[in-house]
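Trainee: everything below, folded, please.
(2 chains, ligands or ions: 2)
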Amino acid sequence: MIVAQQKNIKDIAEMVADAQKVLLAGCAGCVTVCLAGGEKETEVLAAALRIMRKLQGNPLETVTYVATRQCDPEYIEAMDGLVKDVDAVISLACGVGVQYLAERFKDKWVVPALDTKFVGGAVKHGVWEERCGLCGDCVLHRTGGICPIIRCSKSILNGPCGGSQNGKCEISKDVDCAWQLIYDRMKALGKLDKLMEIQMPKDWSKARDGGPRRAIREDVIIG
Amino acid sequence: MREVKTESRLERLLARGEFVVTAEIGPPRHANAEIIRHHAHMLKDYVDATNITDCQTAVVRLSSIASAIHILNCGVEPIVQMTCRDRNRIAIQSDLLGAYSLGVRNLLCLSGDHQKFGSEPTAKNVYDIDSIQLIYLMRRMRDQKLFFSGEPIKEHEPRFFIGAVANPFADPFEFRVARLEKKVEAGAEFIQTQCIYDMERFERFMEMVRERGIHERAYILAGVTPLKSWRAAKYLQTSVSGMIVPDEIVERLKKAEDPKKEGIEICIEQIKHIRNIPGVHGVHIMAIAWEEVVPEIVQRAGLYPRPKVEG
Ligand code: SF4
Ligand code: SF4
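Mentor: Ligands and ions are numbered 1, 2, ... in the order given. Just a heads-up that it's a prediction; the model follows:
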């Protein structure tokens, strides 16, 4: 899933300083799971903003709504009626949701309440870690199911580098060296010889470097 | 005598079986080359070639290639270091074509330290290719006259003597020799190691190198770094990833009346020891911010005068 974290509330307030009435739009997708933009977070943020503005002597009116998914036109249409009456929309979705709202509500000021961080999952309650760098050309079958693109700080395909020590990456004692993990797993699987093959340079044109990407499934396109 | 494929003097010396000496110059954090020339003149008669670091530890410094030209003009053969951290494949190729056109003949390919602890921690890192891919692609550029893309180079391909680094002290230890072999398979012709303090581990490493016959396919230069104080030793021991410094070295420096003198002594002992390890073809002295000590070390380790290269 996409993992996001809420921005500093002062910064969010700043973005809607001119507004008298705002819609706070949460999302029931990934950001609910990572406790950043679900129903609860949306209500809490709305209340916090109201209190802040009240203390400043410039009260703010808020309405809230939680979409099933903000990254789907179908689910944001339902917000049309609410958006009409507000001066600005604060989206608590990932960056995709914010853009879908901005695209649909052309004359509204739409701002992000979250910093969209990475694609990953929870490793324990309250801790999420990055797992995929969306490179567009998955190599997990060559690296024992551990991603070298995003979990190695240098995206090395022929690791580990000389900074790997005691299982940790040179950048921090809190970060596992992806290549130590790859080595251990390949060893356990009896496939260390695979790591002796020189991995050729990656085709980054399949990643963001090739420009904005689009995925097409001809067979399901309607109209 | 092994086959010589480039115009590198270092390669010629290694090919004829000399025990070579290389050193390292770290360029300054400003735009004046006086200090580089000063160090080059000082090292000139004592080393066979000198590495120029490429923004080592991710700290912005005068460029490696520009520094290499300064030392070349002083009569010292440079080994240009090229990291994968700061340049994509377009910039790497362009810079290396330029370096060759200016007379650089030795290239050391490395990943480079992550920028997190450098002078620009908010920078974007590149890592378009990794060090093994860089070695492979530069070797292919030389031997098959191909750009990284596979397009032919019609004429004047750069013909570098290609080196790589190896760190016997990083983990997983069992894979270190395998990865070194991978670098040699990719095309590395000389290897410079991380500085050695744990002689026992290095001996075990070299044993594995000999078992695989890697020393017959590439020249291995063992890295040493003289220490100025016990604090410096402690710092390397505890704060630098991929380093092992035995306690006895820290203790020896702590007890010494003149720690600098002791540091030099230790380094000389290490070189004498290393020289007798089969499969080691030379020593790489990294006297970080202490370049002036290199002549004394070379002399007292019995490596002076340096052999001449004809032509
Ligand atoms: S190899 Fe690419 S697609 Fe696969 S997990 Fe890593 S970044 Fe994601
Ligand atoms: S220490 Fe491991 S994870 Fe960190 S950059 Fe090196 S190989 Fe990658």
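
Trainee: quick one: residues contacting the residue positioned nearest the centre of chain B.
Mentor: With distances taken as C-alpha atoms, centre = their mean, B:Q192 lies nearest the centre of chain B, 4.8 Å away. By C-beta atoms under 8 Å, 6 or more residues apart in numbering or on different chains, the residues touching B:Q192 are B:22, B:51, B:108, B:163-166, B:221, B:223, B:284. In short, each C-beta sits where N, CA and C put it, glycine included.

Trainee: okay, it: pLDDT?
Mentor: Note on B:Q192: pLDDT of 98.

Trainee: looking at this, it is in a strand?
Mentor: Yes: secondary structure of B:Q192 (DSSP: H, G, I helix; E, B strand; the rest coil): part of a strand.

Trainee: measure how buried the spatially closest residue to B:A123 that is not a sequence neighbour is and give me the count.
Mentor: In this structure, B:A123 finds its nearest non-sequential neighbour in B:Q115, 5.0 Å apart by C-beta to C-beta, 6 or more residues apart in numbering or on different chains. B:Q115 has 22 neighbouring residues, counting by other C-beta atoms under 10 Å in any protein chain shown.

Trainee: isn't B:Q115 up against B:T83?
Mentor: No: counting by C-beta atoms under 8 Å, B:Q115 stays clear of B:T83, with 10.4 Å between them.

Trainee: surely A:C152 touches A:A178?
Mentor: Yes: using C-beta under 8 Å, A:C152 makes contact with A:A178 at a distance of 4.1 Å.

Trainee: of the two, give the one with the bigger neighbour count.
Mentor: When A:C152 and A:A178 are compared on other C-beta under 10 Å, the one with more neighbours turns out to be A:C152, at 28 against 24.

Trainee: quick check: the gap between the residue nearest to B:A123 and ligand 1.
Mentor: 20 Å (C-beta to the nearest ligand atom, to the nearest Å).

Trainee: now do A:D11
Mentor: Distance from A:D11 to ligand 1, counting by C-beta to the nearest ligand atom: 30 Å.

Trainee: who in chain A is up against ligand 2?
Mentor: A:152-154, A:156, A:159-161, A:163-164, A:169-170, A:177-179 (C-beta under 6 Å from any ligand atom).

Trainee: recalculate using a threshold of 5 Å.
Mentor: A:152-154, A:159-161, A:163-164, A:169-170, A:177-179 (C-beta under 5 Å from any ligand atom).

Trainee: helices - which of those residues land there?
Mentor: A:178-179 (DSSP state H).

Trainee: just among the residues of chain A next to ligand 2, which is most surrounded?
Mentor: Within those, neighbour counts (other C-beta under 10 Å) peak at A:P160, which reaches 30 neighbours.

Trainee: tell me where the stretch 151-300 of chain B has helices.
Mentor: B:173-186, B:199-211, B:230-239, B:247-255, B:259-275, B:294-300 (DSSP state H, counting those that start in this stretch).

Trainee: before we move on, the earlier item: now, which of the contacts of B:Q192 sits nearest ligand 1?
Mentor: The closest of the contacts of B:Q192 to ligand 1 turns out to be B:A164 (C-beta to the nearest ligand atom; 24.9 Å).

Trainee: how about the closest one, what does it touch?
Mentor: B:A164 makes contact with B:108-110, B:131-132, B:135, B:180, B:183-184, B:186, B:188, B:190-192, according to C-beta under 8 Å, 6+ apart.

Trainee: ranking those residues by neighbours, who comes first?
Mentor: Neighbour counts for these peak at B:C109, which has 32 neighbours (criterion: other C-beta under 10 Å).

Trainee: does that one touch B:G187 like I think?
Mentor: No: B:C109 lies out of contact with B:G187 (C-beta under 8 Å); the separation is 9.3 Å.

Trainee: list residues touching both of those two?
Mentor: B:135, B:138, B:162.

Trainee: which neighbours do A:C152 and A:A178 have in common?
Mentor: By C-beta under 8 Å, 6+ apart, the residues touching both A:C152 and A:A178 are A:159-160, A:169.

Trainee: and the closest residue to B:E203 other than its chain neighbours, backbone torsions?
Mentor: If the residues on either side of it in the chain are set aside, B:E203 comes closest to B:I277, at 6.3 Å by C-beta to C-beta, 6+ apart. Here is the backbone geometry of B:I277 (degrees, to the nearest 10): phi -80, psi 120.

Trainee: wait, B:I277 sits on B:E207?
Mentor: No: using C-beta under 8 Å, B:I277 is not in contact with B:E207, being 9.2 Å away.

Trainee: and the contacts of B:A164, which is closest to B:G17?
Mentor: B:F190 (13.9 Å; C-beta to C-beta).

Trainee: buried residues, stretch A:18-26. List them.
Mentor: A:19, A:22-26 (16 or more other C-beta atoms under 10 Å in any protein chain shown).

Trainee: and chain B, which of those reach it?
Mentor: Counting by C-beta under 8 Å from any C-beta of the partner chain, nothing from the buried residues of stretch A:18-26 sits close to chain B.

Trainee: picking that back up, which of B:I277 and B:E207 has more neighbours?
Mentor: It is B:I277, of B:I277 and B:E207, that has more neighbours when counted by other C-beta under 10 Å, with 18 against 13.

Trainee: pLDDT score for the more buried one?
Mentor: On pLDDT, B:I277 comes in at 98.

Trainee: now do the contacts for residue 210.
Mentor: All of this is about chain A. A:136, A:204.

Trainee: not quite, go with chain B.
Mentor: Counted by C-beta under 8 Å, 6+ apart, B:R210 has contacts B:278-279.

Trainee: make it 10 Å
Mentor: Contacts for B:R210 (C-beta atoms under 10 Å, 6 or more residues apart in numbering or on different chains) come out as B:177, B:216, B:220, B:277-279.

Trainee: neighbour-wise, which one of those leads?
Mentor: B:I220 (25 neighbours).

Trainee: that one and B:M206 touch, don't they?
Mentor: Yes: here B:I220 reaches B:M206: they are 7.6 Å apart, a contact under C-beta atoms under 10 Å.

Trainee: quickly list what's touching both of these two.
Mentor: B:193, B:214, B:274, B:277, B:279-280.

Trainee: shaky segments in chain B?
Mentor: B:311 (pLDDT under 70).

Trainee: for stretch B:17-25, list every residue counted as buried.
Mentor: Result for stretch B:17-25 [16+ other C-beta under 10 Å]: buried residues B:18-25.

Trainee: closest to B:A31 among the residues you listed?
Mentor: Ranked by distance to B:A31 (C-beta to C-beta), the buried residues of stretch B:17-25 are led by B:I25 at 16.1 Å.

Trainee: measure that closest one to B:G282 for me?
Mentor: 17 Å (C-beta to C-beta, to the nearest Å).

Trainee: also B:A170?
Mentor: Applying C-beta to C-beta to B:A170 and B:G282 gives a distance of 21 Å.

Trainee: same thing with A:L82?
Mentor: 74 Å.

Trainee: picking that back up, between the contacts of B:R210, which sits nearest ligand 2?
Mentor: So of those, ranked by how close each gets to ligand 2 (C-beta to the nearest ligand atom), first place is B:V177, at 16.6 Å.
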